[in-house]
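*Asks:* Have a look at this prediction, sequence included:
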Amino acid sequence: MTNICYLVGTAGSGKTMLTSALQRYLTSKGASLTIVNLDPAVQHVPYQADVDIRDYIDYDRIVDEYKLGPNGAMIVAADLIADYITEIREDIEELGESSAVVLVDTPGQIELFAYRNFSLRITESFPIDSSLLVFLFDSLLVSNIAGFLSISLLAASVQIRLNLPMTHVMTKIDLLKPNQIETALTWRENPYDAIEELSGMAREFSLQTGQLVEVMSEIPLLPMSALTGEGLELLGAQISRTFVAGEDWLI
Ligand SMILES: Nc1nc2c(ncn2[C@@H]2O[C@H](COP(=O)(O)OP(=O)(O)OP(=O)(O)O)[C@@H](O)[C@H]2O)c(=O)[nH]1
Ligand SMILES: [Mg+2]
(Lines give C-alpha, C1' and ligand atoms only; values in the text may rest on other atoms or scores of the structure.)
(Ligands and ions follow the chains in the order given, each with its own letter.)
Protein backbone atom coordinates (compact mmCIF):
# COMPACT_ATOMS: atom_id res chain seq x y z
CA MET A 1 0.00 0.00 0.00
CA THR A 2 1.36 3.43 -0.96
CA ASN A 3 0.66 6.22 1.55
CA ILE A 4 0.84 9.45 -0.39
CA CYS A 5 0.82 13.01 0.86
CA TYR A 6 0.58 15.98 -1.55
CA LEU A 7 1.76 19.44 -0.48
CA VAL A 8 -0.36 22.02 -2.30
CA GLY A 9 -0.49 25.81 -1.99
CA THR A 10 -0.16 29.15 -3.75
CA ALA A 11 3.15 30.18 -5.34
CA GLY A 12 5.81 30.74 -2.70
CA SER A 13 3.63 29.47 0.17
CA GLY A 14 6.45 27.18 1.33
CA LYS A 15 5.68 23.77 -0.24
CA THR A 16 9.26 22.94 -1.16
CA MET A 17 10.74 24.03 2.14
CA LEU A 18 8.04 22.20 4.08
CA THR A 19 8.66 19.05 2.02
CA SER A 20 12.30 19.25 3.00
CA ALA A 21 11.61 20.04 6.69
CA LEU A 22 9.06 17.23 6.87
CA GLN A 23 11.49 14.81 5.27
CA ARG A 24 14.13 15.64 7.91
CA TYR A 25 11.60 15.45 10.74
CA LEU A 26 9.96 12.16 9.71
CA THR A 27 13.30 10.54 8.86
CA SER A 28 14.61 11.51 12.31
CA LYS A 29 11.60 9.62 13.73
CA GLY A 30 12.62 6.51 11.82
CA ALA A 31 10.14 6.72 8.93
CA SER A 32 11.38 5.75 5.46
CA LEU A 33 10.23 8.26 2.85
CA THR A 34 9.94 8.68 -0.88
CA ILE A 35 10.19 12.26 -2.13
CA VAL A 36 8.58 13.29 -5.40
CA ASN A 37 9.14 16.61 -7.17
CA LEU A 38 6.28 17.42 -9.57
CA ASP A 39 7.45 20.97 -10.33
CA PRO A 40 9.04 20.97 -13.80
CA ALA A 41 10.19 24.60 -13.53
CA VAL A 42 12.01 24.51 -10.20
CA GLN A 43 15.72 25.31 -10.50
CA HIS A 44 16.84 23.97 -7.16
CA VAL A 45 15.23 21.77 -4.52
CA PRO A 46 16.70 21.43 -1.02
CA TYR A 47 16.09 17.66 -0.97
CA GLN A 48 17.16 14.63 -2.96
CA ALA A 49 14.09 13.74 -5.05
CA ASP A 50 13.53 10.00 -5.57
CA VAL A 51 11.10 10.72 -8.41
CA ASP A 52 11.62 13.95 -10.32
CA ILE A 53 9.39 15.29 -13.08
CA ARG A 54 12.44 17.13 -14.45
CA ASP A 55 13.80 13.74 -15.56
CA TYR A 56 10.89 13.66 -18.02
CA ILE A 57 10.17 17.32 -18.80
CA ASP A 58 12.76 19.89 -19.85
CA TYR A 59 11.10 23.20 -18.93
CA ASP A 60 13.88 25.40 -20.40
CA ARG A 61 13.61 23.60 -23.72
CA ILE A 62 9.81 24.20 -23.73
CA VAL A 63 10.39 27.94 -23.16
CA ASP A 64 12.86 28.02 -26.09
CA GLU A 65 11.00 25.72 -28.43
CA TYR A 66 7.49 27.08 -28.01
CA LYS A 67 8.63 30.71 -27.55
CA LEU A 68 6.40 31.06 -24.50
CA GLY A 69 6.45 33.13 -21.34
CA PRO A 70 6.79 31.40 -17.96
CA ASN A 71 3.07 30.73 -17.42
CA GLY A 72 2.37 29.53 -20.96
CA ALA A 73 5.39 27.25 -20.74
CA MET A 74 4.10 25.82 -17.45
CA ILE A 75 0.77 24.97 -19.08
CA VAL A 76 2.57 23.17 -21.92
CA ALA A 77 4.78 21.41 -19.36
CA ALA A 78 1.73 20.30 -17.36
CA ASP A 79 0.09 18.94 -20.48
CA LEU A 80 3.28 17.13 -21.52
CA ILE A 81 3.39 15.47 -18.08
CA ALA A 82 0.28 13.59 -19.17
CA ASP A 83 2.46 11.66 -21.67
CA TYR A 84 4.56 10.26 -18.82
CA ILE A 85 1.81 9.54 -16.29
CA THR A 86 2.30 5.77 -16.49
CA GLU A 87 6.05 6.02 -15.83
CA ILE A 88 5.60 8.50 -12.98
CA ARG A 89 2.87 6.42 -11.37
CA GLU A 90 4.99 3.28 -11.64
CA ASP A 91 8.02 5.05 -10.14
CA ILE A 92 5.92 6.29 -7.20
CA GLU A 93 4.24 2.92 -6.68
CA GLU A 94 7.47 0.98 -6.77
CA LEU A 95 9.24 3.20 -4.23
CA GLY A 96 6.08 3.93 -2.23
CA GLU A 97 5.53 0.24 -1.44
CA SER A 98 8.68 0.15 0.65
CA SER A 99 8.23 3.62 2.23
CA ALA A 100 6.08 4.74 5.14
CA VAL A 101 5.03 7.86 3.21
CA VAL A 102 5.47 9.39 -0.23
CA LEU A 103 5.77 13.21 0.00
CA VAL A 104 4.82 15.02 -3.20
CA ASP A 105 6.02 18.60 -3.75
CA THR A 106 3.64 20.17 -6.29
CA PRO A 107 4.22 22.98 -8.86
CA GLY A 108 4.40 26.61 -7.78
CA GLN A 109 1.32 27.63 -9.74
CA ILE A 110 -1.48 25.97 -7.78
CA GLU A 111 -3.79 25.90 -10.79
CA LEU A 112 -1.48 23.41 -12.49
CA PHE A 113 -1.98 20.87 -9.77
CA ALA A 114 -5.56 21.75 -8.93
CA TYR A 115 -7.01 22.30 -12.37
CA ARG A 116 -5.04 20.46 -15.06
CA ASN A 117 -5.86 16.84 -15.76
CA PHE A 118 -2.43 15.31 -15.14
CA SER A 119 -2.79 15.72 -11.37
CA LEU A 120 -6.18 14.00 -11.28
CA ARG A 121 -4.63 11.12 -13.20
CA ILE A 122 -1.97 10.83 -10.50
CA THR A 123 -4.24 11.30 -7.47
CA GLU A 124 -6.84 8.90 -8.85
CA SER A 125 -4.29 6.13 -9.14
CA PHE A 126 -3.90 5.87 -5.37
CA PRO A 127 -6.64 4.85 -2.93
CA ILE A 128 -8.37 7.76 -1.18
CA ASP A 129 -7.88 6.25 2.26
CA SER A 130 -4.10 6.23 1.80
CA SER A 131 -3.95 9.76 0.38
CA LEU A 132 -3.66 13.09 2.18
CA LEU A 133 -3.64 16.59 0.75
CA VAL A 134 -1.76 19.12 2.87
CA PHE A 135 -3.00 22.58 1.88
CA LEU A 136 -0.75 25.50 2.81
CA PHE A 137 -2.19 28.78 4.09
CA ASP A 138 0.60 31.30 3.48
CA SER A 139 1.05 33.42 6.60
CA LEU A 140 1.25 36.48 4.34
CA LEU A 141 -2.44 35.96 3.59
CA VAL A 142 -3.80 35.09 7.01
CA SER A 143 -3.00 38.37 8.72
CA ASN A 144 -6.22 40.06 7.57
CA ILE A 145 -9.74 38.70 7.22
CA ALA A 146 -10.01 39.34 3.46
CA GLY A 147 -6.83 37.34 2.82
CA PHE A 148 -7.90 34.62 5.24
CA LEU A 149 -11.28 34.17 3.53
CA SER A 150 -9.72 34.27 0.05
CA ILE A 151 -7.27 31.50 0.84
CA SER A 152 -10.03 29.51 2.56
CA LEU A 153 -12.06 29.71 -0.66
CA LEU A 154 -9.08 28.43 -2.61
CA ALA A 155 -8.67 25.53 -0.17
CA ALA A 156 -12.35 24.73 -0.69
CA SER A 157 -11.91 24.89 -4.46
CA VAL A 158 -9.02 22.41 -4.31
CA GLN A 159 -11.09 20.16 -2.03
CA ILE A 160 -14.02 20.21 -4.47
CA ARG A 161 -11.75 19.49 -7.41
CA LEU A 162 -9.53 16.76 -5.95
CA ASN A 163 -11.78 15.51 -3.14
CA LEU A 164 -9.09 13.88 -1.03
CA PRO A 165 -8.75 13.86 2.76
CA MET A 166 -7.22 17.22 3.59
CA THR A 167 -5.35 18.88 6.37
CA HIS A 168 -4.47 22.58 6.45
CA VAL A 169 -1.26 24.19 7.63
CA MET A 170 -0.49 27.84 8.33
CA THR A 171 3.06 28.25 7.03
CA LYS A 172 5.96 30.58 7.98
CA ILE A 173 4.57 31.37 11.43
CA ASP A 174 8.03 32.64 12.41
CA LEU A 175 7.00 35.73 10.39
CA LEU A 176 3.81 36.28 12.44
CA LYS A 177 3.31 37.67 15.94
CA PRO A 178 1.71 35.20 18.37
CA ASN A 179 -1.51 37.26 18.47
CA GLN A 180 -1.77 37.11 14.63
CA ILE A 181 -1.63 33.31 14.75
CA GLU A 182 -4.21 33.29 17.52
CA THR A 183 -6.52 35.66 15.60
CA ALA A 184 -6.39 33.53 12.43
CA LEU A 185 -7.25 30.42 14.49
CA THR A 186 -10.16 32.35 16.03
CA TRP A 187 -11.44 33.33 12.57
CA ARG A 188 -11.48 29.65 11.72
CA GLU A 189 -14.14 29.19 14.42
CA ASN A 190 -15.93 32.53 14.02
CA PRO A 191 -15.07 34.84 11.12
CA TYR A 192 -18.25 36.93 11.40
CA ASP A 193 -17.09 39.68 13.82
CA ALA A 194 -14.16 40.45 11.52
CA ILE A 195 -16.38 40.29 8.43
CA GLU A 196 -18.52 43.08 9.92
CA GLU A 197 -15.60 45.44 9.27
CA LEU A 198 -15.82 44.81 5.51
CA SER A 199 -18.20 46.69 3.23
CA GLY A 200 -20.08 46.40 -0.05
CA MET A 201 -19.98 43.27 -2.15
CA ALA A 202 -16.86 42.01 -0.34
CA ARG A 203 -18.91 41.90 2.87
CA GLU A 204 -21.81 40.08 1.18
CA PHE A 205 -19.54 37.45 -0.34
CA SER A 206 -17.60 37.13 2.91
CA LEU A 207 -20.77 36.46 4.91
CA GLN A 208 -21.53 33.52 2.59
CA THR A 209 -17.91 32.36 2.79
CA GLY A 210 -18.25 32.44 6.58
CA GLN A 211 -20.51 29.38 6.36
CA LEU A 212 -17.87 27.55 4.38
CA VAL A 213 -15.21 28.48 6.94
CA GLU A 214 -17.43 27.13 9.71
CA VAL A 215 -17.65 23.77 7.93
CA MET A 216 -13.91 23.92 7.27
CA SER A 217 -13.17 24.30 10.99
CA GLU A 218 -13.64 20.51 11.20
CA ILE A 219 -10.34 20.24 9.33
CA PRO A 220 -7.29 21.00 11.49
CA LEU A 221 -5.34 24.20 10.70
CA LEU A 222 -1.84 23.55 12.03
CA PRO A 223 0.48 26.53 12.53
CA MET A 224 4.06 25.77 11.55
CA SER A 225 7.41 27.04 10.41
CA ALA A 226 9.61 25.02 8.08
CA LEU A 227 12.40 27.41 9.07
CA THR A 228 12.33 26.85 12.83
CA GLY A 229 10.68 23.42 12.82
CA GLU A 230 7.86 24.65 15.09
CA GLY A 231 4.65 22.66 14.59
CA LEU A 232 6.22 19.89 12.52
CA GLU A 233 5.41 17.31 15.18
CA LEU A 234 1.69 18.17 14.86
CA LEU A 235 1.76 17.63 11.10
CA GLY A 236 3.83 14.47 11.53
CA ALA A 237 1.25 13.12 13.97
CA GLN A 238 -1.60 14.10 11.65
CA ILE A 239 0.06 12.28 8.74
CA SER A 240 0.72 9.15 10.75
CA ARG A 241 -2.83 9.11 12.16
CA THR A 242 -4.24 9.43 8.63
CA PHE A 243 -2.30 6.47 7.33
CA VAL A 244 -2.27 4.15 10.29
CA ALA A 245 -5.93 4.55 11.32
CA GLY A 246 -5.53 6.34 14.61
CA GLU A 247 -2.14 4.82 15.42
CA ASP A 248 0.76 7.21 15.73
CA TRP A 249 3.76 5.36 14.38
CA LEU A 250 6.01 8.31 15.17
CA ILE A 251 5.70 7.97 18.92
N1 LIG B 1 10.51 32.79 7.24
C2 LIG B 1 10.16 31.70 6.57
N3 LIG B 1 10.31 31.64 5.24
C4 LIG B 1 9.94 30.51 4.61
C5 LIG B 1 9.39 29.40 5.30
N6 LIG B 1 9.09 28.44 4.39
C7 LIG B 1 9.45 28.94 3.19
N8 LIG B 1 9.97 30.17 3.32
C9 LIG B 1 10.48 31.06 2.26
O10 LIG B 1 9.45 31.32 1.33
C11 LIG B 1 9.96 31.30 0.00
C12 LIG B 1 9.22 30.27 -0.82
O13 LIG B 1 9.48 28.99 -0.24
P14 LIG B 1 9.33 27.66 -1.10
O15 LIG B 1 9.47 26.53 -0.15
O16 LIG B 1 10.18 27.70 -2.29
O17 LIG B 1 7.80 27.83 -1.53
P18 LIG B 1 7.03 27.03 -2.68
O19 LIG B 1 5.58 27.04 -2.30
O20 LIG B 1 7.68 25.72 -2.92
O21 LIG B 1 7.31 27.99 -3.89
P22 LIG B 1 7.02 27.70 -5.45
O23 LIG B 1 7.17 26.23 -5.68
O24 LIG B 1 8.02 28.54 -6.18
O25 LIG B 1 5.62 28.19 -5.64
C26 LIG B 1 11.46 31.03 0.12
O27 LIG B 1 12.13 32.27 0.10
C28 LIG B 1 11.60 30.37 1.47
O29 LIG B 1 12.85 30.61 2.06
C30 LIG B 1 9.24 29.49 6.72
O31 LIG B 1 8.77 28.59 7.42
N32 LIG B 1 9.64 30.67 7.30
MG1 LIG C 1 8.29 24.81 -4.73
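*Replies:* Perfect, I can see it now. Ligands and ions are numbered 1, 2, ... in the order given.

*Asks:* all strands for the protein, in order.
*Replies:* 4-9, 33-37, 51-52, 101-105, 131-137, 166-170, 221-223 (DSSP state E).

*Asks:* Can you say which of those is nearest to ligand 1?
*Replies:* strand 4-9 (5.6 Å; CB to the nearest ligand atom). From N, CA and C alone the C-beta is placed, and that goes for glycine too.

*Asks:* follow-up on the earlier one: next, format the strands of the chain as TSV and append mean pLDDT and mean neighbour count.
*Replies:* Output for the strands of the chain, formatted as TSV (pLDDT from 0 to 100; neighbours: other CB atoms under 10 Å):
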stretch	mean pLDDT	mean neighbour count
strand 4-9	97	26
strand 33-37	96	23
strand 51-52	96	21
strand 101-105	96	26
strand 131-137	97	25
strand 166-170	97	22
strand 221-223	98	20
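
*Asks:* What are the phi and psi values at the residue of the stretch 1-150 of the chain found nearest ligand 1?
*Replies:* Residue of the stretch 1-150 of the chain nearest ligand 1, by CB to the nearest ligand atom: residue 108 (2.7 Å). Dihedral pair for residue 108: phi -50, psi -50, per degrees, to the nearest 10.

*Asks:* shouldn't it be in contact with residue 8?
*Replies:* No - Residue 108 lies out of contact with residue 8 (CB atoms under 8 Å); the separation is 10.9 Å.

*Asks:* what touches both of those two?
*Replies:* Here residue 108 and residue 8 share the contacting residues residue 15, scored by CB atoms under 8 Å, 6 or more residues apart in numbering.

*Asks:* still on that earlier bit, tell me the spatial nearest neighbour of the residue of the stretch 1-150 of the chain closest to ligand 1, not counting adjacent residues.
*Replies:* residue 11 (4.4 Å; CB to CB, 6 or more residues apart in numbering).

*Asks:* Next up, the contacts around the one you found.
*Replies:* Counted by CB under 8 Å, 6+ apart, residue 11 has contacts 108, 109, 110.

*Asks:* which one is residue 6 nearest to, not counting chain neighbours?
*Replies:* residue 104 (4.5 Å).
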